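Participant: sequence and predicted structure below; questions after.
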Amino acid sequence: MAQPDRLPSSYSHDGGARSAPAGAARGEGVPLQTKSDGVGGSAGAQPPGDMSERAAASEPRERSGDHGVPASERVGASAGAQPPGLEFVRPYVVSWNLTYRCNLACEHCYLDAGGTPLVGTESFADRSELGTDECFRVIDEIAAFAPECLTILTGGEPLLRRDILEIVRRAAERELWVVVGTNGVRITENLSRRLAEAGARGLSLSLDALDPDRHDRFRKVRGAWRNTVEGAEILDRTGLPFIVQTTAGSHNLGELEAIADFAHDRLAARVWNLYFLVPTGRGQFVSDVTPAQYDEVLASLYRIQRKYDGRMLVNAKCAPHYIKTMLENGLPPARTYSGGAGGCPAGTHYMGIRPNGDVTPCPYLPVFAGTLRSASLADLWTSSELFTGIRRRTQLGGRCGACEMNGHCGGCRARAYGMTGDLMAEDPLCTHTPGTFAASPLLTRVGAPEARPAESERGYGVPASDGDGGSGGAKPPGLTIEYGPESPTTIAWDDAAAARMKKIPAFVRGMVVRAVEESCRKSGLDLVTVEELDRIRSRMPTPKMFG
Ligand code: SF4
Ligand code: SF4
């Protein structure tokens, strides 16, 4: 399920469409595999997964070269040094591509998963997978360094791994907040229950068109649409939370609102995420949306958010410059972020892991800090030049470097890399002229914390950002998101209320705790109870996803 299933499309600099290579059509017309209740497909034999040493991390790249990691002159110790504080002490979301195997062969897959590989570059050369014991060790590392981290297990199609239930269970046992990103094709009632029993908190499913044939052509397997819709219906029946994800592209630009309607009315989805294709992996061959069309999609997304406000959470994913659409509509950023980490979360609170253990700031970004087969996750996050460099928004190039909104946006680093070869370059799909909002009071307005649920309480995914703007994103400002240690409680909580709070992902819990306590103080309460949480919740504009 790579690409939304975490998930986006691609573009050329001139906005013109590029045709996919002939090989991209592989798999078309392949009959869909019949569902079974087991996990692990026929292709499911795990490749050797020993923790042997392998090539060291990618060398840092120079801007003038053919790489893209920040050039040394831009990431030197003094230039653009990370702000003081511990804002980026750990990732809050880890997206882990467990396998390259897939039962679909989607045109836009950033991982180039399923079928015969099309991307021949070095960063896609090693398609080995960590074995079960290696995965357990990685889970333990994540849990030790980033406790209760939202951990997205995806692929390829993660349900093709025979050990997926063991991996989910291990992650849940280590108190990671584990969700599974799947194309939904293999979901059965039995599998849904087994995933829930193993500790999965939810699933994400991909739907790219209302017309089954069009969806199937995009996904390259006949019957995919029907199976995904059936998968959603099964999840609804069995009570395992799910979100619906759609990738915007020429195949569906005219029907995005209708897809949102379908997700809400027919699939009973509580969250609909709209992704934007990133031109990496196979996405580089699918160049079909221009910057102007991108703006139109963001404008329509804004309308869809208003339409579903309070009924279904609607998010723009991997569209950090959605903040521009908000400002154009007279809305301030819904949140502010410590360390200027708003918008693109790559490397500030987000980390990706490839099937072979390679670590990247974002799954769409085929640039690696090192491998978990020979390096520690904590070291790569804390000390690698890739991770420390990508956090330096002051070192961004082009318009992103000059932009008054780069602390709220930062542009898509993977898109910059995919289209220019320089991950610190400006985001080529943004139409913003820096300075346009420089004098806008909307950019500096920060309200007092409100008792509002965090986005990730309502729908899992990449941490909330202004660019991710859920339907709560159009509300007045109020959330100050501080990445770092959880804040201690300042009011007594009864046991039931404290237990309820544990259901909220750790990376937003501190923020929610502060907001709840502020609300209680305003109400003259000195004890947080479940009843008070329910009262606060009833005032929230969007449906609850978890907790
Ligand atoms: S110029 Fe860059 S930082 Fe500014 S809004 Fe556009 S993508 Fe975001
Ligand atoms: S680089 Fe940032 S905006 Fe782009 S896909 Fe990754 S996390 Fe999303």
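Facilitator: That came in fine, so what should we check first? Ligands and ions are numbered 1, 2, ... in the order given.
Participant: now Arg222, nearest residue through space, not along the chain?
Facilitator: Distance criterion Cβ to Cβ, 6 or more residues apart in numbering; nearest residue to Arg222, sequence neighbours excluded, is Asp216 at 5.2 Å. The way it works is simple: take the backbone N, C-alpha and C, and place the C-beta from them, glycine included.
Participant: again, but for Ser384
Facilitator: Using Cβ to Cβ, 6+ apart, the nearest residue to Ser384 is Ala369, at 3.7 Å.
Participant: which residues of the chain lie near ligand 1?
Facilitator: 320-321, 324, 399-400, 403, 405-406, 409-411, 426-427, 430, 432, 434 (Cβ under 6 Å from any ligand atom).
Participant: closest to Thr121 among those?
Facilitator: Asp427 (21.3 Å; Cβ to Cβ).
Participant: list the buried residues of stretch 136-148.
Facilitator: Buried residues in stretch 136-148, counted by 16 or more other Cβ atoms under 10 Å: 136-139, 142-143, 145-146, 148.
Participant: same check, this time on stretch 239-251
Facilitator: Buried-residue list, stretch 239-251, by 16+ other Cβ under 10 Å: 240-249, 251.
Participant: and of those residues, the nearest to ligand 2?
Facilitator: Ligand 2 lies nearest to Thr247 out of those, by Cβ to the nearest ligand atom, at 11.8 Å.
Participant: my read is the closest one is in a helix, agree?
Facilitator: No: per DSSP: H, G, I helix; E, B strand; the rest coil, Thr247 lies outside any helix segment and is strand.
Participant: from memory it sits against Glu107, does it?
Facilitator: No: using Cβ atoms under 8 Å, Thr247 makes no contact with Glu107, being 9.4 Å away.
Participant: look through the stretch 251-400 of the chain and state the residue closest to ligand 1.
Facilitator: Cys400 (3.3 Å).
Participant: per-residue pLDDT, that residue?
Facilitator: Cys400 carries a pLDDT value of 95.
Participant: tell me the buried residues in whichever helix or strand it is part of?
Facilitator: Using DSSP states H and E, Cys400 maps to helix 398-402. Residues 398-401 are the ones in helix 398-402 that count as buried (16+ other Cβ under 10 Å).
Participant: now that helix, how far from the centre of its chain.
Facilitator: With Cα atoms, centre = their mean, to the nearest Å as the basis, helix 398-402 stands 24 Å off its chain's centre.
Participant: rewinding a little: between the buried residues of stretch 136-148, which sits nearest ligand 2?
Facilitator: Nearest to ligand 2 among the buried residues of stretch 136-148, counting by Cβ to the nearest ligand atom, is Ala146 at 16.5 Å.
Participant: need the residues that contact the strand or helix carrying the residue nearest to Arg222.
Facilitator: Asp216 is located in helix 212-219, with elements delineated by DSSP H and E. By Cβ atoms under 8 Å, 6 or more residues apart in numbering, the surrounding residues in contact with helix 212-219 are 28, 104-108, 183, 206-209, 222-226, 228, 249, 251-252.
Participant: switch to 7 Å and redo it
Facilitator: 104, 106-107, 207-209, 222-226, 251 (Cβ atoms under 7 Å, 6 or more residues apart in numbering).
Participant: I'd like the next helix or strand past that helix.
Facilitator: Next in line after helix 212-219, if elements are assigned by DSSP H and E, sits strand 221-222.
Participant: give the rounded mean pLDDT of that next one.
Facilitator: 82.
Participant: and Ala378, how far from Gly339?
Facilitator: 19 Å (Cβ to Cβ, to the nearest Å).
Participant: biggest separation within the contacts of helix 212-219, which pair?
Facilitator: Checking those with Cβ to Cβ, the most distant pair is Glu107 and Arg226, at 19.0 Å.
Participant: so which of those two has more stuff around it?
Facilitator: Glu107 (24 against 14; other Cβ atoms under 10 Å).
Participant: go ahead and confirm the more buried one touches Gly281.
Facilitator: No: with contact defined as Cβ atoms under 7 Å, Glu107 does not count as touching Gly281 (10.5 Å).
Participant: wait, Gln305 sits on Asn315?
Facilitator: No: counting by Cβ under 7 Å, Gln305 sits too far from Asn315 to count as a contact (8.5 Å).
Participant: so which of these two has more stuff around it?
Facilitator: Each of Gln305 and Asn315 has its neighbours counted (other Cβ under 10 Å); Asn315 has more, 29 against 26.
Participant: how about the more buried one, secondary structure?
Facilitator: Under three-state DSSP, Asn315 falls in the strand class.
Participant: number of residues surrounding Lys503?
Facilitator: So Lys503, with other Cβ under 10 Å, has 12 neighbours.
Participant: start at 224, not 1
Facilitator: I'll keep to 224 as the first residue from here, and by that count the last item is Lys726.
Participant: how close does it get to ligand 2?
Facilitator: For Lys726, the distance to ligand 2 equals 25 Å [Cβ to the nearest ligand atom, to the nearest Å].
Participant: what's the pLDDT at that residue?
Facilitator: So Lys726 comes in at 71 (pLDDT).
Participant: burial count for whichever residue of the stretch 624-770 of the chain sits closest to ligand 2?
Facilitator: Closest approach between the stretch 624-770 of the chain and ligand 2, counting by Cβ to the nearest ligand atom: Cys635, at 3.3 Å. By other Cβ under 10 Å, 31 other residues sit near Cys635.
Participant: who's in contact with it?
Facilitator: Cys635 neighbours (Cβ under 7 Å, 6+ apart): 501, 541, 543, 567, 650.
Participant: kindly report the residues of the stretch 574-723 of the chain close to ligand 2.
Facilitator: 585, 587-588, 635-638.
Participant: recalculate using a threshold of 5 Å.
Facilitator: Residues of the stretch 574-723 of the chain found near ligand 2 (Cβ under 5 Å from any ligand atom) are 585, 587, 635-637.
Participant: in strands, which of those residues appear?
Facilitator: Of those, none are assigned to strands by DSSP state E.
Participant: where does this structure have low pLDDT?
Facilitator: Along the chain, segments meeting pLDDT under 70 span 224-309, 510-511, 557-561, 668-711, 728-731, 734, 763-770.
Participant: would you tell me which residues of it are close to ligand 2?
Facilitator: Near ligand 2, when you scan the chain using Cβ under 5 Å from any ligand atom, you find 541, 567, 569, 585, 587, 635-637.
Participant: columns distance to Met724 on top of these, output as JSON lines?
Facilitator: Below are the residues of the chain next to ligand 2 laid out as JSON lines (distance: Cβ to Cβ, whole Å):
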{"residue": "Cys541", "distance to Met724": "29"}
{"residue": "Cys567", "distance to Met724": "28"}
{"residue": "Ala569", "distance to Met724": "28"}
{"residue": "Cys585", "distance to Met724": "29"}
{"residue": "Tyr587", "distance to Met724": "32"}
{"residue": "Cys635", "distance to Met724": "33"}
{"residue": "Arg636", "distance to Met724": "33"}
{"residue": "Ala637", "distance to Met724": "33"}
